[in-house]
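# structure here, sequence nowhere to be found:
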């Protein structure tokens, strides 16, 4: 097994995904497109992780490398790679699978709850994120865009504002609009210059829920990063 993580911006790295892979002795290569790194041949990896970023899929002309990245993701899906898209990565997956990506009515920023669908509660990866005894997951959100559900995909989670919070396509492709890879330090770093957020409140919430939250994320990783 070999994992490739694609960063759209330097500030949004693989976080606890990298920690998990290191502990499990699974090889990881990180490509930072903002720094001008080139995308490799798809033959070098079994699992692909597409990370977040502030750019919009529907404004690809503003970020030229997104077009090459979209073709790269499409190729990985066609080659039956295991693919995980996080935030912008989820939107990129929706795009290459033929769905519309567009600006939402308002931003979701901070710790939030998403509801697992019946399919999400049965899914081997997604069910690991569920709070014990419930069909909901605690997640970190930082987005203003959303997407339609691609044809052939299975909706796994929804929120009050956005019905498409997570989906699975085939049995190898997962898209998460939210972040499970964050730590309290990552959250604080991302939001330190974000206007209109109550950072002290978010920091307190991070510390309150992080232990169980991290354990649930580890459960997702264990199930996703296996052949």
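Received it, and whenever you're ready, just let me know what you need. What you see is a predicted model; the values in this text were computed from it and never measured.
# list the buried residues in the longest helix seen in the chain.
Counting residues, the longest helix found in the chain (DSSP state H) is helix 199-224. For helix 199-224, a neighbour-count test (16 or more other CB atoms under 10 Å) marks 202, 205-206, 209-210, 213-214, 216-221, 224 as buried. From N, CA and C alone the C-beta is placed, and that goes for glycine too.
# next one: stretch 20-27
The neighbour-count check on stretch 20-27 (16+ other CB under 10 Å) flags 20, 21, 26 as buried.
# one more: stretch 152-163?
Across stretch 152-163, burial judged by 16+ other CB under 10 Å covers 153, 154, 155, 156, 157, 158, 159, 162.
# hmm, who's touching stretch 89-99?
6, 8, 49-52, 57, 66, 69-70, 73-74, 77, 83, 85, 100-101, 145-153, 164, 166-167, 169, 173, 175-177 (CB atoms under 8 Å, 6 or more residues apart in numbering).
# buried subset of those?
6, 8, 49-52, 57, 66, 69-70, 73, 77, 83, 85, 101, 145-147, 149-150, 153, 164, 166-167, 169, 173, 175-177.
# among these, which ones are in strands?
Counted as lying in strands by DSSP state E, out of the buried ones among the contacts of stretch 89-99, are 6, 49-50, 83, 85, 101, 145-147, 153, 166-167, 169, 173, 175-176.
# what sits against the residue nearest to residue 216 when sequence neighbours are not counted?
In this structure, residue 216 finds its nearest non-sequential neighbour in residue 129, 5.0 Å apart by CB to CB, 6 or more residues apart in numbering. With contact set as CB under 8 Å, 6+ apart, residue 129 has these partners: 116, 137, 139, 180, 216, 217, 219, 220.
# which one of those residues is nearest to residue 35?
Comparing those against residue 35 with CB to CB places residue 180 closest, at 24.3 Å.
# any weak-confidence spans in the protein?
Where the chain drops to pLDDT under 70, the residues are 227.
# part of a strand, is residue 190?
No - Residue 190 is assigned helix when assessed by DSSP: H, G, I helix; E, B strand; the rest coil, not a strand.
# which one is it nearest to, not counting chain neighbours?
residue 142 (6.4 Å).
# what helix or strand is that neighbour on?
strand 136-147 (DSSP states H and E).
# for residue 31, same thing?
Assigned by DSSP H and E, residue 31 belongs to strand 28-32.
# can you give the contact residues for that strand?
Contacts of strand 28-32 (CB under 8 Å, 6+ apart): 2-7, 10, 13-14, 18, 21-22, 37-40, 44-45.
# try 6 Å
Contact partners of strand 28-32, identified using CB atoms under 6 Å, 6 or more residues apart in numbering, comprise 3, 4, 5, 6, 7, 10, 21, 37.
# ok, now stretch 151-163?
Contacts of stretch 151-163 (CB under 6 Å, 6+ apart): 108, 114-117, 119-120, 123, 126, 146, 149, 165-169.
# let's see that with 8 Å instead.
If you take CB under 8 Å, 6+ apart as the criterion, stretch 151-163 is touched by 97-99, 104-106, 108, 112-117, 119-120, 123, 126, 137, 141, 146, 149, 164-169, 174-175, 177.
# quick check: phi and psi on the closest residue in space to residue 146 that isn't next to it in sequence?
Spatial nearest neighbour of residue 146, chain neighbours left out: residue 104 (4.3 Å); criterion: CB to CB, 6+ apart. Dihedral angles of residue 104 (phi, psi; degrees, to the nearest 10) stand at phi -90, psi 180.
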